[in-house]
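S.K.: What follows is a predicted protein model with its sequence.
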Amino acid sequence: MLFPIGILSAFVTLVFCAYAEGAPLNEILSDALNATYGKRILGGSDARQGAFPWMASIHINSPYITSVCGGSIVNKQWIITAAHCFGENFQDCEVKAYIGKLIFPETPVGRKCELPIIHPQYNGTHTLNNDVALLKLKKPLKFTERVSSIELVPSWFNTDKPGEPTFADKTCSVLGWGSTGGDTKLSRKLQVLNVQIQPREKCISVTRNSWYPVKRGESKFCAQGVENGDTCKGDSGGPLFCRHNDGIFYLHGIISYGKIICGTKGKPGVYAKIKDLEEWAQNVMASC
């Protein structure tokens, strides 16, 4: 059974509630963040400092929802994340982004963002299709070795469909600050996990009987962690990225939802497909 974040947020009061389970994530965390909450990336390993300089942690506070999601820096003023992180009443929310952090949170200082720009065809928790949002930072970033951007995969690339160039049946990676095992404590260090992108028809088949099946024509794809590693609640909005033949990492997916029991064999996570959403994102960033 699959659940979007809008359902979970009514019951979870701690700040890490962004990845809808099944679902619709320097050294010290606060007592509240150390409290048990829920698992995020399972079976991952510690990320190296500076290896993934585009990773951001998005903190959302409003009268309706308090949550943390992942995000990816696209350029000096824009971050891309999941639309469902903001719930239904995002006009009243305050959003901050924590940038360049390996151990979370390294400092309590975030960068303020403007209100999210949600994809116009995102339909909330009805299907979770087009689950993408853009955040504009109020002040541009200064890029360093630890803070930089990731390229959006272009629309002509076949992320999960047959026909070269494609990453179907190939290995890519995901990032998040989640549990590293079966307990419910958050990981203090950013985790990285290898996942295999499933061919389109297999993704459609294995999600057919779920609450949110992947259908033909939708901007989604599936990826399964190696040895049942998986993303989980709290990882929403984070990146699925792949290294291309030119040696550059490209953002292919945004963590959206998955099985309620994270890491279930044969039940992949589902991701918003950047290749279908790249043109919209580029147009928004150019015009706002």
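M.R.: Cool, got the structure. From a predicted model like this one, the values you see are computed outputs, not experimental measurements.
S.K.: what pairs with the closest residue to Lys267 other than its chain neighbours across the strands?
M.R.: Leaving aside its chain neighbours, Lys267 sits nearest to Lys259 (4.0 Å; criterion: C-beta to C-beta, 6 or more residues apart in numbering). The way it works is simple: take the backbone N, C-alpha and C, and place the C-beta from them, glycine included. Note on Lys259: beta-bridge partners by DSSP bridges are Leu2.
S.K.: Compute the number of surrounding residues for Lys259.
M.R.: Using other C-beta atoms under 10 Å, Lys259 is surrounded by 23 other residues.
S.K.: who touches the top helix by length along the chain?
M.R.: In the chain, assigned by DSSP state H, the helix with the most residues is helix 274-287. Contact partners of helix 274-287, identified using C-beta atoms under 8 Å, 6 or more residues apart in numbering, comprise 74-75, 78, 80, 117, 119-120, 130, 132, 134, 152-159, 219, 251-254.
S.K.: can you give me the helices in this structure?
M.R.: Under DSSP H, the chain gives helices at 5-8, 31-34, 200-206, 274-287.
S.K.: Of those, flag the one that's most buried.
M.R.: helix 5-8 (a mean of 21; mean count of other C-beta atoms under 10 Å).
S.K.: as a whole number, average confidence for it?
M.R.: What helix 5-8 shows for mean pLDDT is 30.
S.K.: Give me the pLDDT for Leu193.
M.R.: pLDDT, read off for Leu193, is 88.
S.K.: for Cys69, same thing?
M.R.: With respect to pLDDT, Cys69 scores 87.
S.K.: Please tell me how far it sits from Gly163.
M.R.: Note on Cys69: its distance to Gly163, by C-beta to C-beta, to the nearest Å, is 32 Å.
S.K.: quick one on the thing from earlier: pLDDT wise, what is the residue nearest to Lys267 at?
M.R.: Per the predicted model, pLDDT is 72 at Lys259.
S.K.: so it touches Lys265, yeah?
M.R.: No: here Lys259 lies out of contact with Lys265, judged by C-beta atoms under 8 Å, at a distance of 9.8 Å.
S.K.: Alright, I will stop here.
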